[in-house]
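Asks: Generate coordinates for the sequence data below:
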Amino acid sequence: MSQRNFLDVPEDGDASYESLFRQADEEFRQFVKTLSNEPGAPKLKSKSIKPSPGFCVKTKDSSNGNKLFINICHTPELPEPQDISDEELMHILGSDDPTTYRVPLSLGLPHEEVDKSGSPCTAYDVIINEAFFRKISSNELFKTFLITVALDGIEEKYKAHPERESYVVLKNKLYMGTMPDHSIQDRKGPLISELPT
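Replies: This next block holds a predicted model:
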């Protein structure tokens, strides 16, 4: 009796890796759906979106030297942050609590890609409101602020170590890689509500 230490792969020529990954992804989604339908599970409503590419930031992971790309994307599906002036932003950033100005964004899962030289790299998608994207496209202060927020988010959420001093906004590349599906929380109603006193 022979003992086998490998996985049998069907000899079906139509079964590509991509279809296997899609099947695994669908099985995972069904599993999560099952969990969320169990009694006592929190009801999180989400919706799938397809954001538009905006611009791409290239940097490196300071812990290993690998290239990192941050894709800044936009959609009307996310709320717009409060509209403030450059002076107000500078005042907030110089205050004791610079977190008083918040930008609603969605930080997608990292996805492995290949750069133009064929080397592996990691890309992150940061999705913001499309009106706010138009603002940062013509305002260097707000663009730098958003890139800093994106770098902070990637570092905090994914424990990556993006270099902050040597990033470059790529001129002729709107997006690095292939955009995966994105899901965002489907929040209805106002973001700010008054509480009775």
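Asks: Beyond the helix or strand of the chain with the lowest mean pLDDT, next helix or strand please.
Replies: When the helices and strands of the chain are compared on mean pLDDT, DSSP states H and E, helix 17-36 comes out lowest with a mean of 55. Note on helix 17-36: by DSSP states H and E, the next helix or strand toward the C-terminus is strand 46-49.
Asks: Name the residues that touch that following strand?
Replies: With C-beta atoms under 8 Å, 6 or more residues apart in numbering as the test, strand 46-49 has contacts from T75, E77, I127, D181, H182, S183, I184, Q185, D186. Every C-beta, even on glycine, is put in place using the N, C-alpha and C of the backbone.
Asks: give me the number of residues near the second one?
Replies: Meaning E77. Other residues within reach of E77 by the criterion other C-beta atoms under 10 Å amount to 17.
Asks: i'd like the first residue to be 185 from this point on
Replies: Got it, the first residue is 185 from now on, which makes the last one we talked about E261.
Asks: Please enumerate the strands of the protein.
Replies: Counting by DSSP state E, the chain forms strands over residues 230-233, 236-244, 251-259, 290-291, 295-298, 304-313, 352-353, 366-369, given from the N-terminal end onward.
Asks: Turn those into TSV, columns for distance to Y342 and mean pLDDT.
Replies: Converted to TSV, the strands of the chain look like this (distance: least, C-beta to C-beta, whole Å; pLDDT from 0 to 100):
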stretch	distance to Y342	mean pLDDT
strand 230-233	20	87
strand 236-244	14	98
strand 251-259	10	97
strand 290-291	8	94
strand 295-298	11	95
strand 304-313	7	97
strand 352-353	20	97
strand 366-369	16	85
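Asks: Got the domain ranges for the chain?
Replies: Structural domains annotated on the chain: 199-225, 229-369, as defined by automatic domain parsing.
Asks: Write a ChimeraX command that selects only the buried members of the contacts of strand 230-233.
Replies: In ChimeraX, a selection of the buried entries from the contacts of strand 230-233 looks like this (16 or more other C-beta atoms under 10 Å):
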select :259,261,311,366,368
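Asks: Let me know the closest of the contacts of strand 230-233 to K357.
Replies: Checking the contacts of strand 230-233 against K357 by C-beta to C-beta gives I311 as the nearest, at 17.3 Å.
Asks: so what's the closest one up against?
Replies: Residues counted as contacts of I311 (C-beta under 8 Å, 6+ apart) are I233, P235, C257, H258, T259, L262, L289, S290, L291, G292, H366, I368.
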